[in-house]
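Peer 1: sequence? don't have it. structure:
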Ligand code: 13P
């Protein structure tokens, strides 16, 4: 049977000064030295290198929250794969719904960014998820399959070997509304089956699929206990050391 190491990732979004970020990771470092899950934090770009430095030699990895697909050049305001790698990132979140909503991210740009990440040996965390209107219109499967297939267009399972997918229903992000365990599991199964059909069963069995959207101490256990939920991508609750640590420790 395939065993997937659970991954608990904190997406800090546009939060924490460098000082606050360091205080948080120092607390996490001591709280989480022997948890069973793999732990990742995604600070802002400005705190990335300091956080990575502070976490050296620990079991906590660092992710960037986005990247631009070109390596270097005249792209004012952009940050590329070589730059985030240089700052100490191992992972990069790509296609978060807030990027899609506020920064014009599309499945086409998501695909370019995944290719850029892979070119520089960064592990992409591809975010997908439907809006409330799409869920109510019975479009979950169609939307998710489109986001996955377009996001991974022209990529092979060899290139994507370490890929992580995060299912984050847009209506559950920052709203306090979590998908029910049944809704989450159903969509995770749908994603895994689609990956099996597009690539192979073996690759689908290895793929880690995280759930994100109002994950907190109160609901993490029942979500993380599900067969196809391999971890969580956590926003609000990752900003507090005690809460994030309690979630990470709840992984059995
Ligand atoms: P919340 O946990 O604050 O709902 O955010 C989820 C998220 O967007 C993680 O990427």
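Peer 2: Cool, the structure landed. Values in this document were obtained by computation on a predicted structure and should not be read as measured data.

Peer 1: the ligand contacts on the stretch 151-252 of the chain?
Peer 2: Within the stretch 151-252 of the chain, the positions adjacent to the ligand are 168, 173, 174, 212, 213, 214, 215, 233, 234, 235, 236, 237 by Cβ under 6 Å from any ligand atom. Placement of C-beta: from N, CA and C, glycine included.

Peer 1: what separation is there between the most centrally placed residue in the chain and the ligand?
Peer 2: Taking Cα atoms, centre = their mean as the criterion, residue 125 is the residue nearest the geometric centre of the chain, at 4.3 Å. Residue 125 sits 9 Å away from the ligand, going by Cβ to the nearest ligand atom, to the nearest Å.

Peer 1: just say helix, strand or coil for that residue.
Peer 2: strand (DSSP: H, G, I helix; E, B strand; the rest coil).

Peer 1: any idea how far the closest residue to the ligand within the stretch 151-252 of the chain is from residue 75?
Peer 2: Here the stretch 151-252 of the chain gets closest to the ligand at one residue, residue 235, 2.3 Å apart by Cβ to the nearest ligand atom. Residue 235 is 27 Å from residue 75, where distance means Cβ to Cβ, to the nearest Å.

Peer 1: picking up where we left off before, partners of the residue lying closest to the residue of the stretch 151-252 of the chain closest to the ligand once chain neighbours are set aside in the sheet?
Peer 2: Spatial nearest neighbour of residue 235, chain neighbours left out: residue 11 (5.3 Å); criterion: Cβ to Cβ, 6 or more residues apart in numbering. Here residue 11 sits in beta bridges with residue 42, as judged by DSSP bridges.

Peer 1: name the single longest helix found in the chain.
Peer 2: With DSSP state H setting the assignment, residue counts place helix 181-198 as the longest helix in the chain.

Peer 1: now the strands for the stretch 151-252 of the chain?
Peer 2: For the stretch 151-252 of the chain, the strands defined by DSSP state E, counting those that start in this stretch cover 164-167, 208-212, 231-234.

Peer 1: so of these, which one's packed in deepest?
Peer 2: strand 231-234 (a mean of 28; mean count of other Cβ atoms under 10 Å).

Peer 1: what strands line up against that strand, and which way round?
Peer 2: strand 7-11 (parallel), strand 208-212 (parallel).

Peer 1: with distance to residue 69 and mean pLDDT added, can I get those in JSON lines?
Peer 2: As requested, the strands paired with strand 231-234 are exported to JSON lines (distance: least, Cβ to Cβ, whole Å; pLDDT from 0 to 100):
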{"stretch": "strand 7-11", "distance to residue 69": "20", "mean pLDDT": "98"}
{"stretch": "strand 208-212", "distance to residue 69": "23", "mean pLDDT": "98"}
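
Peer 1: of all the strands of the stretch 151-252 of the chain, which lies closest to residue 20?
Peer 2: strand 231-234 (16.9 Å; Cβ to Cβ).

Peer 1: hmm, who's touching that closest one?
Peer 2: Applying Cβ atoms under 8 Å, 6 or more residues apart in numbering, the contact partners of strand 231-234 are 6-11, 37-38, 93, 125, 127, 166, 168, 208, 210-212, 215, 220, 223-224, 244, 247, 251.

Peer 1: try 7 Å this time
Peer 2: With contact meaning Cβ atoms under 7 Å, 6 or more residues apart in numbering, strand 231-234 is reached by 6-11, 37, 125, 166, 168, 208, 210-212, 215, 220, 223-224, 244, 247.

Peer 1: what of stretch 132-147?
Peer 2: So stretch 132-147 is contacted by 107, 128, 130, 169, 171, 187, 190, 191, 194 (Cβ under 7 Å, 6+ apart).

Peer 1: which SS state does residue 48 fall under?
Peer 2: helix.

Peer 1: and it, how many residues sit next to it?
Peer 2: 25 (other Cβ atoms under 10 Å).
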